[in-house]
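Colleague: below is the structure, and that's it, no one-letter string:
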């Protein structure tokens, strides 16, 4: 444990040092952070990484000696490009030794989550809502959308991209073609160990399947709607199914596809014309896609919702239907991680309204989440035969302890961190269910922070 904590701390410090050594790439002017000041470039980076949910005055007070004003801190952070924290996140994440897997595969989940940002009409995250009763325009709000690929076994954010919240016809939309485009981008640049990408119904599409197929390190497992999805699936009966389907897709004309029995997809114009919708990235030549359909019953309500349908590139010789069910269930880990990122690491507690500062804090939170979870995952819980249940680390408390370890001016030894984390454990109770709370939570206003 001690060597892992020290190793992760060294890797994080090394990543910060790389950013500092290439300061010119990450500041807005070549003269920024060249003079001797109480808070130089390196300390400014570490301070932003360690920000908590307090007001800026309290954050600056907690720094101890050489306290600077909140105004001076804001002036300093405004000199730093958000790419500094984005690159630090990617470099540090790549250095984390993620060794746990499922049958030789890393299990990845792709999904997105809205993050409420401070109100600012000049922000790219500016949105306007629609009142449900009157149809009028509601008071504006600001919302960023975090697209992420998450390793559900090692509990690490493997990749992440932040974009403005999608707006369709004046209405806020959590899923549109834009989110699939971002997912494809993350799939294309994944070069880690062999993995299975899991996704929910909103990511259904031949285009995404082909992006995964063209990545030699990745397989797919995606839940799809029982109806109004691929024609081959819509035509299947509502019954237990485990079969392989092959289909040829083409971006050529509808008439051409009808003649040859192809499935038509909207690709780029061969004449270079602009098209309103493009859902295929691989030219006009026919492309053969092969996938396995697994359909099984999950309830007895007497309607279509009783059945779940999964499409996957995994063969039945590798993974049984039982394995497919378990793999899709594991996808829920990314939903839990979004909650931990927002309310345990504190990504909803922003300290500025500017877009660059918002991006700084989102990527800083992703870095600190990965750092804290990597430490927590290395802690072993001693077996105790007197206990009724198996126990695991309480990740809420583990994240809090590790982040305090990073922020503390008095550094404790690694064994002390392990002992402290081991004090907070929770029983493992598989099969428990809880109703999902879909109430949206906004960012915490600057004026209402805890003492």
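Modeller: Looks like it arrived, so ask away. Since this is a predicted model, take the numbers as computed values, not measurements.
Colleague: give me the distance between residue 24 and residue 428.
Modeller: 50 Å (Cβ to Cβ, to the nearest Å). For every residue, glycine as well, the C-beta is placed using N, CA and C.
Colleague: repeat for residue 328
Modeller: 20 Å.
Colleague: need the helices for the stretch 1-150 of the chain, in chain order.
Modeller: 2-21, 23-26, 41-49, 56-61, 70-77, 83-95 (DSSP state H, counting those that start in this stretch).
Colleague: adding mean neighbour count, distance to residue 357 and mean pLDDT, write those helices out as JSON lines.
Modeller: Formatted as JSON lines, the helices of the stretch 1-150 of the chain follow (neighbours: other Cβ atoms under 10 Å; distance: least, Cβ to Cβ, whole Å; pLDDT from 0 to 100):
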{"stretch": "helix 2-21", "mean neighbour count": "16", "distance to residue 357": "17", "mean pLDDT": "88"}
{"stretch": "helix 23-26", "mean neighbour count": "15", "distance to residue 357": "14", "mean pLDDT": "94"}
{"stretch": "helix 41-49", "mean neighbour count": "20", "distance to residue 357": "9", "mean pLDDT": "92"}
{"stretch": "helix 56-61", "mean neighbour count": "16", "distance to residue 357": "11", "mean pLDDT": "88"}
{"stretch": "helix 70-77", "mean neighbour count": "16", "distance to residue 357": "6", "mean pLDDT": "92"}
{"stretch": "helix 83-95", "mean neighbour count": "20", "distance to residue 357": "10", "mean pLDDT": "96"}
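Colleague: how about those in TSV, adding distance to residue 394?
Modeller: TSV is the format used below for those (distance: least, Cβ to Cβ, whole Å):
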stretch	distance to residue 394
helix 2-21	18
helix 23-26	36
helix 41-49	23
helix 56-61	26
helix 70-77	33
helix 83-95	23
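Colleague: which of these sits closest to residue 381?
Modeller: Nearest to residue 381 among the helices of the stretch 1-150 of the chain is helix 2-21; the distance by Cβ to Cβ comes to 15.3 Å.
Colleague: helices and strands around the closest one, which ones?
Modeller: helix 41-49, helix 83-95, helix 355-377, helix 414-422 (3 or more Cβ pairs under 8 Å, 6 or more residues apart in numbering; DSSP states H and E).
Colleague: more neighbours: residue 328 and residue 428, which one.
Modeller: residue 328 (20 against 11; other Cβ atoms under 10 Å).
Colleague: in contact with residue 95: list those residues for me.
Modeller: 11, 14-15 (Cβ atoms under 8 Å, 6 or more residues apart in numbering).
Colleague: check the gap between it and residue 348 for me.
Modeller: Applying Cβ to Cβ to residue 95 and residue 348 gives a distance of 27 Å.
Colleague: over to residue 369?
Modeller: 13 Å.
Colleague: of the two, which one has the most company?
Modeller: residue 369 (24 against 18).
Colleague: the more buried one reaches residue 341, doesn't it?
Modeller: Yes - Residue 369 lies in contact with residue 341 (Cβ atoms under 8 Å); the separation is 5.3 Å.
Colleague: now the common contact residues for those two.
Modeller: Common neighbours of residue 369 and residue 341 (Cβ under 8 Å, 6+ apart) are residue 157.
Colleague: just to revisit the earlier point, so which of the helices and strands packed on helix 2-21 comes closest to residue 140?
Modeller: Smallest distance to residue 140 across the helices and strands packed on helix 2-21 (Cβ to Cβ): 15.4 Å, for helix 355-377.
Colleague: other SSEs contacting the closest one?
Modeller: helix 2-21, helix 41-49, helix 83-95, strand 141-151, strand 156-164, helix 395-407, helix 414-422.
Colleague: run the last query once more with 6 Å
Modeller: Packing partners of helix 355-377 (3 or more Cβ pairs under 6 Å, 6 or more residues apart in numbering; DSSP states H and E): helix 2-21, helix 41-49, helix 83-95, strand 156-164, helix 395-407.
Colleague: what's the angle from that helix to helix 70-77?
Modeller: Put simply, helix 355-377 runs at 90 degrees to helix 70-77, going by axes from the mean of the first three to the mean of the last three Cα atoms, to 10 degrees.
Colleague: now do the contacts for residue 84.
Modeller: Contacts here follow Cβ atoms under 6 Å, 6 or more residues apart in numbering; on that basis residue 84 touches 19, 26.
Colleague: done for today, thanks.
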